[in-house]
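Undergrad: just to be clear, the model below is a prediction. Sequence and coordinates:
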Amino acid sequence: MLHKMIQIIAGASAAVMLLASPTADAASYVQPNDSYDGYSSPAYLNQVQAAKPLWTLNIGVESDDEWTVSAPERVAAGGKQAYYIKGGKLAAVNVHTGKAVWTFGQNLVSPVTYHNGELFVLSGQNRLYKVNAVTGKAVWSLDLSGAASQSGYDGRTIAYDDQRLYLHLTFGGLVAVDRKSGKLLWKEQTMYGAGQLIVTDDLLLVSASESGAITVDVVYAYDKHTGKQAWKLNSNSSPLLIDEGKVYSRDTWPPGDLDTHQLKLDVTDAATGESIAVYSYVPLAEGEDPLGSSASKIASDGESLFVQTAAGIYRYDTLQTGDVQQPELFRQSGQWIAGPYNNKLFFEDEDRQGITAVKLIDHNQVSYEGIDNPVSRLDFYNSGMYVGQTDGELYALNVTTGQAVFRYDTGKQQFDPFLVEDGVLLARAEGMIYAFKLPAQLLAPINAGSAVPGVDYTRTDAGLKIDGVTVELKPEPIMINNSLYVPLRGMAEALGATVGYDAATKAVTVTYKEKTAVASNGKNINGTVYVPVRQFAELLGVGVNWDSSARVVVVDTKAA
């Protein structure tokens, strides 16, 4: 009996081995790697309410080319209508009902654009039309075939000011057109491969790429009135910021052995194109290879510069070099995909099954409900955050709270930019338009980027003196209800004080000469905490006065 039991056990073991591996001999076992079980939450756990569209519309695809199948410039919105190109015709529908209003033209191609009540569209015969958005009738048309050096163009890059339309022609450079009359004002035929167009007071800035021994980024500046080239920046990306007559752009020349920082911003005089300064950020550590340590991504909200490196995201004051600053470091796993917006940076989780935001004021996190697949598209409009996933689900979320308001399954993978018109969300995916009525909470404006609803402020050009010495203060003070507020961190660090955050009490603290005080009346504007100038004096125990005639904040550290 015992012998039979041994045989049975041995046979069972052999059967187990055969299931685990084609080879029964344990000495030659190889662990298989022929399957994968990726974790995902069961669908029934997603409690976000499914929405029903107001209407849907199939406009088809403009091209079979995988890169242009969506053609996001085929759809525009304004005046309570949506406009789209289908079958070479321009059509308008009511955004609330989806009912057709009018159709126009033939052989039309993208883009179609709506700007300040005016509608513009192109044809495949090099003709530009201005169309009355209410009636669908042509106001004027302009033959651009003489402006192009070759036939055909895509013209996907368009910019405006109040009087002119600026259009990049793929084969013919740039043109400027009078919006009212349709008259061709000027043409510039030497510009090829243009990217972004930016209109300033007197200039049209054009980003482009040029190939020689290597391909380099360039920025051209044209007099927008005459079309004459004003200046050119070599090895610079499209401007990050234009402020007070200065252009800030990233130096994109490949890093070399002599580089000392991970990022350089060139500061250029917008009027002359002359270099004003070169600002450097994120010093390289001793022995660190410059070739492998360049900043991977940068962004700005006009007040701060955010620089992504392997260590995390550094936050600097945009308008001064990094070597005189103590940057704030944000560490967060996952990919930085958006922001700053609503005083937050937004990250897609490492497993691509969620979105998390990090607050600029205190580094606390906000998780966004419902997101459970990789992000295909994300856009913000006021308090609304709109996400399209690669599994076809789209989500409408409250950007402040992280709450998902509704979701809808489109069955698509690729999403175009979301549009919002007259309280209606227009979601576009692979030739389909889906319209949804939005609740008031998603339409509420986020006031000037402030985390304090209803804060109305104006900036000042005030200076700062500490014990009689002039000190540069950035960002500048602001006025709220005729009261002067100063930037807490900037003022504190100018005095040698430190600003911190108490996670337990969620309070902003200031430590100066071994004394720690709580800033209880601060206003968060674009991620910067401002306090009344009198409160700052009380916090640090120094004398602070406002010299209104000289417009200078005067600090006396010896006064109690």
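TA: Perfect, thanks for sending it. Numbers count the residues shown, from 1 in each chain.
Undergrad: please make it C-alpha for all contacts and neighbour counts, starting now.
TA: OK.
Undergrad: show me where pLDDT drops low in the stretch 401-550 of the chain?
TA: Scanning the stretch 401-550 of the chain for pLDDT under 70 picks out 447-457, 481-482, 502-506, 521, 526-527, 548-549.
Undergrad: swap in 80 and give it another go.
TA: Applying pLDDT under 80 to the stretch 401-550 of the chain flags the ranges 446-462, 472-474, 479-484, 501-508, 514, 519-528, 534-535, 537-538, 545-550.
Undergrad: quick check, Glu493 in a strand?
TA: No - using DSSP: H, G, I helix; E, B strand; the rest coil, the secondary structure at Glu493 is helix, not a strand.
Undergrad: and it, what does it touch?
TA: Applying CA atoms under 8 Å, 6 or more residues apart in numbering, one finds that Glu493 lies in contact with Val499.
Undergrad: how much space between it and Leu540?
TA: From Glu493 across to Leu540, the span is 12 Å (CA to CA, to the nearest Å).
Undergrad: repeat for Asn342
TA: Look at Asn342 and Leu540: by CA to CA, they are 30 Å apart.
Undergrad: got it, and Leu144?
TA: If you go by CA to CA, the gap between Leu144 and Leu540 works out to 66 Å.
Undergrad: the two - which one has more neighbours?
TA: Just comparing Leu144 and Leu540: by other CA atoms under 10 Å the higher neighbour count belongs to Leu540, 21 against 18.
Undergrad: the residue nearest to that one when sequence neighbours are not counted pairs with what?
TA: Nearest residue to Leu540 in three dimensions, chain neighbours excluded: Tyr512, at 6.2 Å (CA to CA, 6 or more residues apart in numbering). With DSSP bridges applied, Tyr512 shows beta-bridge pairing to Lys515.
Undergrad: list the residues that contact Tyr512.
TA: Residues in contact with Tyr512 (CA under 8 Å, 6+ apart) are Gly496, Ala497, Thr498, Leu540.
Undergrad: go ahead and confirm the third one touches Gly490.
TA: No - distance between Thr498 and Gly490: 9.7 Å, which falls outside the contact criterion (CA atoms under 8 Å).
Undergrad: of these two, who's got more company?
TA: The neighbour comparison of Thr498 against Gly490 (other CA under 10 Å) goes to Gly490, with 23 against 18.
Undergrad: which stretches of the stretch 101-250 of the chain aren't confidently modelled?
TA: Counting by pLDDT under 80, the stretch 101-250 of the chain has low-confidence residues at 146-156, 169-173, 189-195, 210-213.
Undergrad: any idea how far Ser123 is from the closest residue to Asp391 other than its chain neighbours?
TA: Nearest residue to Asp391, sequence neighbours excluded (CA to CA, 6+ apart): Gln413, at 5.9 Å. As defined by CA to CA, Gln413 lies at a distance of 29 Å from Ser123.
Undergrad: which of the two has more neighbours?
TA: Counted by other CA under 10 Å, Gln413 and Ser123 do not tie: Ser123 has more neighbours, with 21 against 16.
Undergrad: surely that one meets Val109?
TA: Yes - in this structure Ser123 lies within contact range of Val109 using CA under 8 Å: 5.3 Å.
Undergrad: burial measure for Glu430, as a count.
TA: 22.
Undergrad: against Leu128, how distant is Gly146?
TA: According to CA to CA, Gly146 stands 12 Å off from Leu128.
Undergrad: compare neighbour counts for the two and give me the winner.
TA: Neighbours per residue (other CA under 10 Å) separate Gly146 from Leu128, with Leu128 holding more: 21 against 11.
Undergrad: contacting residues for the more buried one?
TA: Contacts of Leu128 by CA under 8 Å, 6+ apart are Phe120, Val121, Leu122, Ser141, Leu142, Asp143, Leu144.
Undergrad: same question, His363
TA: Going by CA under 8 Å, 6+ apart, His363 touches Phe330.
Undergrad: and for the one 3 residues further on?
TA: Residues in contact with Val366, defined by CA under 8 Å, 6+ apart, are Thr356, Ala357, Val358, Lys359, Thr401, Gly402.
Undergrad: need the contact list for the closest residue to the first one other than its chain neighbours.
TA: Read that as Thr356. Closest residue in space to Thr356, ignoring its immediate chain neighbours: Ser367 at 4.6 Å, by CA to CA, 6+ apart. For Ser367, the contacting residues are Gly354, Ile355, Thr356, Ala357, Gly402, by CA under 8 Å, 6+ apart.
Undergrad: let me know the pLDDT of Ser367.
TA: What the model reports as pLDDT for Ser367 is 94.
Undergrad: over to Tyr381?
TA: So Tyr381 comes in at 95 (pLDDT).
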